[in-house]
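Peer 1: fold the following for me, if possible:
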Amino acid sequence: MKPSESQRGQQWLSNFLENERAIAALLLDSLELVGQDDFRNGLQNLVSDLASSILKPIALVPVRELAPTQTYYGQSRNAKPKLLLSESFPGSEAIVANIAGGLRRQAKNSGPFVASPSLANLRAARCRSILFLDDFSGSGDRIASFYKKFRDHGTIRSWESYGLLSYHVAAFAMTRAAYNRLTRLFGQDHVHLVKFCPTFENQNWGAADQFAIEELCRNYAQNDELALGYGRSRSLLAFSHTAPNNLPNILWQPGYYSWRSFFNEKAVPPDLLPLFGQLGGVERIKSALEQLGQIRLSQGSWEGISTEQLQTVLLVLAAVSTKPRNETVVTELTGLFSHVVRQTLTFCRTLSLIADNSLRLTDSGRSELARAKNVVLPPRKLTLHGSNDPYYPRSLRVGR
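Peer 2: This next block holds a predicted model:
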């Protein structure tokens with residue numbers, strides 16, 4: 001079911017004039033709704049992969065909001081982080097912390113992770129990498145601010161001065177703007193993600209539709225500064241545990257007067273949960289192929305006879321045909337999870353579809369991509385089922 005077809009979606013569409021509802025439905029149905037299983041598995045796989053490539057031991061540190069005058073640690077030598085602001089409830093950082101705790105417990109004492117990010121534990125383990133964990137970054141502001149406050153302790157600054165600490169960021173999703181900002185801050189090889197966040201700019205809307213959607217967002221937003229989402233990020237991704245404020249304001253602003261909300265601020269109403277994790281598959285692959293200019297391939301009938309793995313292979317081959325700079329660009333172009341892209345690239349190299357140690361199609365890869373554009377489903381066979389029952393005509397028809 002599409003979000004616009006749900007009961008809450010229909011109620012939300014009733015906020016708009018009749019001639020605006022088609023464009024509002026297009027916005028709503030373009031959302032990528034990430035379910036709890038996909039979120040957990042994606043972030044766990046990302047951190048597990050990083051554990052084999054960055055300096056160990058590694059401290060897993062969930063990113064969270066801090067008050068303007070608050071630092072992550074206190075001032076004592078063995079300070080522990082203060083978990084919550086006063087009068088606040090745990091947000092998405094609690095789920096991220098739960099994932100981090102699970103990874104530490106799986107690895108046990110002999111694993112690559114520090115028990116918890118207190119100064120005493122970091123010192124005892126001789127920690128060498130700080131891995132900041134987050135679910136989503138739309139602008140990079142929260143991670144950048146947290147990074148600054150985390151380092152505001154004499155012990156941390158001392159370790160840095162001796163070159164003993166390396167910083168990394170791992171998030172489930174980021175916009176391209178957030179990724180660019182964070183790579184400038186941490187370095188190209190120190191920012192890691194499961195997938196890129198879909199935004200207005202990478203949808204198959206066309207200029208007229210995008211203009212109409214942005215006008216709709218501005219005209220109905222309660223908060224003008226958040227009309228296109230925080231930082232004007234134009235995000236189109238939500239999780240089952242939270243709706244980020246990087247979404248256009250009309251998708252998450254609370255009900256007022258006659259306004260009927262979809263998300264209720266950051267909260268996801270229980271009746272929407274069945275929609276999360278449902279969408280995707282062939283439709284998202286076809287959309288990504290259209291974005292890559294592979295119109296014939298996106299409209300082809302190969303989807304009806306291929307496995308999900310083959311569909312993914314074709315999408316990755318199409319992305320590689322654009323001569324991307326690196327694997328991160330392939331992840332962005334395809335919209336796939338980073339570990340899926342990595343596994344698919346390895347698989348394609350095994351089949352000699354992509355050249356070893358490069359992002360270049362081989363002759364076989366180009367041939368397979370061309371062949372996929374011409375695949376036609378065999379005609380459907382209709383089978384007549386006979387019967388031994390006597391036939392009695394129900395009417396008589398006179399010839400002309």
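Peer 1: which intervals of the protein have sub-threshold pLDDT?
Peer 2: Across the chain, the ranges flagged by pLDDT under 70 are 76-91, 107-110, 278-283, 286-287, 290-291, 295-306, 374-400.
Peer 1: now the strands: where do they sit in it?
Peer 2: 32-34, 58-62, 129-137, 166-174, 191-196, 237-239 (DSSP state E).
Peer 1: which residue ranges make up each domain of the chain?
Peer 2: Split into domains by automatic domain parsing, the chain comes to 3-30+199-275, 36-196, 282-371.
Peer 1: how about those domains in a markdown table, adding mean neighbour count?
Peer 2: To be clear about C-beta, it is placed using only N, CA and C from the backbone, and glycine gets the same treatment. Shown next, in a markdown table, are those (neighbours: other C-beta atoms under 10 Å):
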| stretch | mean neighbour count |
| --- | --- |
| domain 3-30+199-275 | 17 |
| domain 36-196 | 17 |
| domain 282-371 | 17 |
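Peer 1: sorry, back to before: closest one to residue 119 among the strands of the chain?
Peer 2: strand 58-62 (10.2 Å; C-beta to C-beta).
Peer 1: on contacts alone, who are the packing partners of that closest one?
Peer 2: helix 92-107, helix 119-125, strand 129-137 (3 or more C-beta pairs under 8 Å, 6 or more residues apart in numbering; DSSP states H and E).
Peer 1: how far away from the center of its chain is that strand?
Peer 2: On the basis of C-alpha atoms, centre = their mean, to the nearest Å, strand 58-62 sits 21 Å off its chain's mean C-alpha point.
Peer 1: equivalent analysis for stretch 58-77, please.
Peer 2: With C-alpha atoms, centre = their mean, you get 26 Å for stretch 58-77.
Peer 1: pull stretch 217-233 out as PDB, backbone CA atoms only.
Peer 2: Extracted C-alpha coordinates of stretch 217-233, given in PDB (Å, rounded to 0.1, in the frame of the first residue of the first chain):
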ATOM      1  CA  CYS A 217       5.400  23.000   1.100                       C
ATOM      2  CA  ARG A 218       5.900  26.700   1.400                       C
ATOM      3  CA  ASN A 219       2.200  27.600   1.300                       C
ATOM      4  CA  TYR A 220       1.100  25.100   4.000                       C
ATOM      5  CA  ALA A 221       4.000  25.100   6.400                       C
ATOM      6  CA  GLN A 222       3.500  26.300   9.900                       C
ATOM      7  CA  ASN A 223       7.200  27.200  10.200                       C
ATOM      8  CA  ASP A 224       8.500  29.000   7.100                       C
ATOM      9  CA  GLU A 225      12.200  28.200   8.000                       C
ATOM     10  CA  LEU A 226      11.300  24.500   8.100                       C
ATOM     11  CA  ALA A 227       9.100  24.500   5.000                       C
ATOM     12  CA  LEU A 228      11.600  22.400   3.100                       C
ATOM     13  CA  GLY A 229      13.000  20.700   6.200                       C
ATOM     14  CA  TYR A 230      15.700  21.800   8.600                       C
ATOM     15  CA  GLY A 231      18.500  23.400   6.600                       C
ATOM     16  CA  ARG A 232      16.300  23.300   3.500                       C
ATOM     17  CA  SER A 233      17.600  19.700   3.100                       C
END
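Peer 1: now what about that stretch, what contacts it?
Peer 2: Residues from elsewhere that reach stretch 217-233 (C-beta atoms under 8 Å, 6 or more residues apart in numbering): 15-16, 27, 138-139, 141, 175, 177-178, 199-200, 214, 234-235, 244-250, 253, 256.
Peer 1: likewise stretch 47-61?
Peer 2: Stretch 47-61 is contacted by residues 99-100, 103-104, 107, 111-114, 117, 121-122, 125-133, 150, 166, 168, 170, 192, 339, 342 when judged by C-beta under 8 Å, 6+ apart.
Peer 1: distance of residue 15 from residue 112?
Peer 2: The spacing between residue 15 and residue 112, counted by C-beta to C-beta, to the nearest Å, is 50 Å.
Peer 1: with residue 22 instead?
Peer 2: Relative to residue 112, residue 22 is positioned 52 Å away (C-beta to C-beta).
Peer 1: and if you look at residue 242?
Peer 2: Using C-beta to C-beta, residue 242 is found at 29 Å from residue 112.
Peer 1: for the helices and strands packed on strand 58-62, which one sits closest to residue 351?
Peer 2: Once the helices and strands packed on strand 58-62 are compared by C-beta to C-beta, helix 92-107 is nearest, at 32.4 Å.
Peer 1: the closest one versus strand 58-62: what angle between them?
Peer 2: 150 degrees (axes from the mean of the first three to the mean of the last three C-alpha atoms, to 10 degrees).
Peer 1: what angle separates helix 92-107 from strand 129-137?
Peer 2: Per the same axes, to 10 degrees, the angle that helix 92-107 makes with strand 129-137 is 140 degrees.
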